[in-house]
Each structure stands twice: as structure tokens, then as C-alpha cells.
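> curious how this folds, go ahead:
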Amino acid sequence: MDTLVLRLQPGDDLRAALDAVLKQPGIGDAAFVVSGIGSLRGASIRFAGAETATRIEGDLEILTLAGTLSPDGSHLHLSVSDGDGRVSGGHAAPGCVVRTTAEILVAVLPEWRFSREPDAQTGYAELVPRRRSSQTL
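Next up, the predicted model:
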């Protein structure tokens, strides 16, 4: 396992930045977010069972960030708190914009290849993890 330490800048879109990680040459085809903290100036979060994301405006603190990264895209969950300490969490959608910083630890799995493929049971593109053979390492 290899690690990457990322610091996102003000104005960066959290999801877009993480989707771009595996598009960099030589990084690999499978990774997961170990930890993420920072601040946002608004977030788009899809709550459990919802079809679309809900927009939360204002200054927010990232309490947790976790998920998987594949060349086909990410699957990220996050929890945030607002200025009154109210916590919201769910699926991180595009539109989670960094306010001051986001500090993220990513673990890269060189022995694995992650893809997202349609799943007839769920109706979503779901993670398909494949271990690389020793011949391709």
C-alpha cells in the first residue's frame, strides 16, 4: 500500500479533486480515502434513499470523509457541521467547495484494480474490486 497526502486549496471541488487523483500517471487503479478534514463553503450531499443531492449553504467543517476511488469515479461519504454544530452527512456530490483547506490521506492499492460497473440489483454503477495477478505487478 502506498499513501498520498493531499492538501486542497480554497475553491477546489472536493469530489472533482479526488476523482482526478487516479488520472495522474503512475498512481494506480485503486485507492481509498483514509481520512479527510477541513472546511467547505457549501456542500451538496445526497442523503440516504434520496435520488438527488441537497445543497447546504454556508461555512462548514468536514468532520469525516471516506470512500473509494477508481478510474471510473469515486464513491465518497462525508459528514459536515455548520456554525451551530448541526451535523449532516451522506453521499458527497459535486459542489462541495473548499473554503480554507482540505487535508486528505489517500491509500493507493497497487495490487488492485477498482472499476464501477452497472449492478442490476441496485440500479447503480457499483464497485468491482479485482486483485491483479502476480504477473501484472
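> buried sites along stretch 59-78?
60-62, 65, 67-76, 78 (16 or more other Cβ atoms under 10 Å). C-beta: built from backbone N, CA, C; applies to glycine.
> what about the strands in the chain?
For the chain, the strands defined by DSSP state E cover 2-8, 31-40, 43-46, 54-56, 60-70, 73-81, 87-92, 98-108, 112-118, 125-131.
> mind putting these in a markdown table, distance to residue 14 included?
Below are the strands of the chain laid out as a markdown table (distance: least, Cβ to Cβ, whole Å):
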| stretch | distance to residue 14 |
| --- | --- |
| strand 2-8 | 7 |
| strand 31-40 | 7 |
| strand 43-46 | 8 |
| strand 54-56 | 13 |
| strand 60-70 | 8 |
| strand 73-81 | 8 |
| strand 87-92 | 6 |
| strand 98-108 | 6 |
| strand 112-118 | 18 |
| strand 125-131 | 19 |
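> quick one: mean pLDDT for stretch 108-115?
Mean per-residue pLDDT for stretch 108-115: 96.
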